[in-house]
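Chemist: Okay, predicted coordinates and the sequence, questions at the end:
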Amino acid sequence: MFVSDVLVIGGGIAGLSVAARLSEHAIVTVLEGESAPGYHASGRSVAFAHYGLGNEPVRALTALSMVELAVHASVHPALHIAHEGDMRALDALEEVHRHFACDYARIGPEEARALMPCLKPEACAAALVDHGSLKLDTHAMLQAHVATIRANRGAVIPEARVALIGHEGGRWVAVREDGTRHGAPVLVNAAGAWADEVARMAGVTPVGIEPRRRTVISFPAPEGEDVHAWPFTKTVGEGFYLLPEGRGQLLASSMDQTPSAPCDAAAEELDKAIAADRVEQATTLPIRRISHSWAGLRSFAPDELPVIGEAAGAPGFIWCAGQGGAGFQTAPALSRIAAAAALGLAFPEDAATAGLTFATFSPARLGA
Ligand SMILES: Cc1cc2nc3c(=O)[nH]c(=O)nc-3n(C[C@H](O)[C@H](O)[C@H](O)COP(=O)(O)OP(=O)(O)OC[C@H]3O[C@@H](n4cnc5c(N)ncnc54)[C@H](O)[C@@H]3O)c2cc1C
């Protein structure tokens, strides 16, 4: 059996970010079932950090993460657009930006169209522009964590799908599909959409993680138009988001969230068509050809808060799941909280000052 201090199941942003933190204190082994880290949700995000999603704790985690995120990111504005009927939602979002002292402005439709020239007049009655949002380099984030883990004598092992989990001699023992055994007193469950499945394997009560599929389409920008400076544009209510991918391509999503079993998610024709239709309704962009598309699973606990902390009655089994649609933008803060839970350390001071506690994220709130 290969023995380490900590086993982490899952090589997405959740597993790698907590493993990198833990590797400063312990020998860590990350077991990833696919051929490369980031194959599932973490390789399919649109790589943006902003305050236009999530609930209060998720936004607090985002705020606590911004400085560290900036290492692998560039500043890029986010434009939150609202119809007449969405003014209360826009007001609430403005309050969030005020609370976090963002560099933002409430603007009218003309100013919004100056920033995003393709918007149809009827698509935007008012807007909020956040000048401090970040376009993330998620590949660099993942690779930096892998490098840290390896530099600290830890291992990130691809093609290491865990099929069985037991507990013997004070250690969690993860048995890979090829029969290889890995043991450690601490096991971190960072298996994304499969987090409940991993808990069940270990005889731990599942928390009710629900994977939800989200679809993204990519299409060419209008001929001759350099779109790289267009803001990340998102409706405050139901609708779509749209953002540049380099100079000549645009990405869009209808922000679908269809419940799904854990799987290698693929974009469905109807979801692609809805995304294209919503963009065409609200903008002057003709989508003649979808260049490529993909889908990924965003995984939520029933109350849409991350699940971080030790499972009741299972010493050393640490949940690190339920990052929803904000796994990258919350990873710097969330990984510190998860590492503190795994090492039995005090709750991070800055997060406590923001009103968060271990109890905010504990699996105990979900009866697990
Ligand atoms: C379309 C889309 C857009 C998004 N946009 C953003 C964004 O702009 N900003 C943002 O912050 N977030 C965004 N997200 C959310 C973000 O991608 C997720 O929150 C994050 O990637 C979740 O990370 P994870 O490590 O928990 O999951 P994953 O990346 O899915 O990693 C879990 C890993 O566990 C492995 N695993 C599972 N079971 C086993 C097993 N038995 N043995 C070994 N390995 C196992 C899987 O193979 C997988 O690699 C987006 C998500 C989607 C789908």
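Modeler: Now that the structure is in, tell me what you want to look at.

Chemist: Please work out how many residues are found near I107.
Modeler: Counted with other CB atoms under 10 Å, the neighbours of I107 add up to 18. C-beta here means a position set from N, CA and C on the backbone, and glycine is covered the same way.

Chemist: Please name the bridge partners of it.
Modeler: A127 (DSSP bridges).

Chemist: quick one: it from H83, how far?
Modeler: According to CB to CB, to the nearest Å, I107 and H83 sit 15 Å apart.

Chemist: How about H292, nearest residue that isn't a chain neighbour?
Modeler: Closest residue in space to H292, ignoring its immediate chain neighbours: S218 at 5.0 Å, by CB to CB, 6 or more residues apart in numbering.

Chemist: Pretty sure V279 is one of the things the one you found touches, is it not?
Modeler: No: between S218 and V279 there is no contact under CB atoms under 8 Å: 11.6 Å.

Chemist: now the strand of greatest length in the chain, how far from the chain's geometric center?
Modeler: Looking across the chain with DSSP state E, the single longest strand is strand 210-220. In terms of CA atoms, centre = their mean, to the nearest Å, the centre of strand 210-220 is found 13 Å from the chain centre.

Chemist: Repeat that for stretch 127-134.
Modeler: Between the centre of stretch 127-134 and the centre of its chain there are 19 Å (CA atoms, centre = their mean).

Chemist: same check, this time on stretch 350-368
Modeler: Put simply, stretch 350-368 sits 18 Å off its chain's centre (CA atoms, centre = their mean).

Chemist: circling back: what's the neighbour count on the residue nearest to H292?
Modeler: Residues lying near S218 (other CB under 10 Å) number 14.

Chemist: who are the neighbours in contact with it?
Modeler: Counting by CB atoms under 8 Å, 6 or more residues apart in numbering, S218 makes contact with E245, Q249, L250, L251, I290, S291, H292, S293.

Chemist: Neighbour count for those - can I get that in a markdown table?
Modeler: Converted to a markdown table, these look like this (neighbours: other CB atoms under 10 Å):
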| residue | neighbour count |
| --- | --- |
| E245 | 18 |
| Q249 | 16 |
| L250 | 25 |
| L251 | 22 |
| I290 | 16 |
| S291 | 14 |
| H292 | 11 |
| S293 | 21 |
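
Chemist: Adding pLDDT as columns, could you present those residues in TSV?
Modeler: Below are the contacts of S218 laid out as TSV (pLDDT from 0 to 100):
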residue	pLDDT
E245	94
Q249	96
L250	98
L251	98
I290	97
S291	96
H292	97
S293	98
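
Chemist: Give me the subset of those lying in strands.
Modeler: If you go by DSSP E, those have E245, Q249, L250, L251, H292, S293 in strands.

Chemist: what's the nearest residue to E245 if we skip its chain neighbours?
Modeler: Excluding the flanking residues, the one nearest E245 by CB to CB, 6+ apart is L251, at 5.0 Å.

Chemist: That neighbour and the ligand, how far apart?
Modeler: Noted for L251: a distance of 9 Å to the ligand, by CB to the nearest ligand atom, to the nearest Å.

Chemist: Mind listing the residues bridging to that residue?
Modeler: On the basis of DSSP bridges, L251 is bridged to S218, L243.

Chemist: mind listing what the residue of the stretch 101-250 of the chain found nearest the ligand touches?
Modeler: Nearest to the ligand in the stretch 101-250 of the chain, going by CB to the nearest ligand atom, is G192, at a distance of 2.7 Å. Each residue near G192 by CB under 8 Å, 6+ apart is listed here: G10, G12, A14, H40, A41, S42, P211, P262, L297, S299, A321, Q323.

Chemist: top of the residues you listed by neighbour count?
Modeler: Per-residue neighbour counts (other CB under 10 Å) across the contacts of G192 peak at A14, which has 32 neighbours.

Chemist: Strands of the stretch 101-250 of the chain, residue ranges please.
Modeler: Taking DSSP state E, counting those that start in this stretch as the test, the strands found in the stretch 101-250 of the chain are 104-107, 126-130, 134-136, 155-157, 162-168, 171-176, 181-184, 186-189, 210-220, 232-235, 241-245, 249-253.
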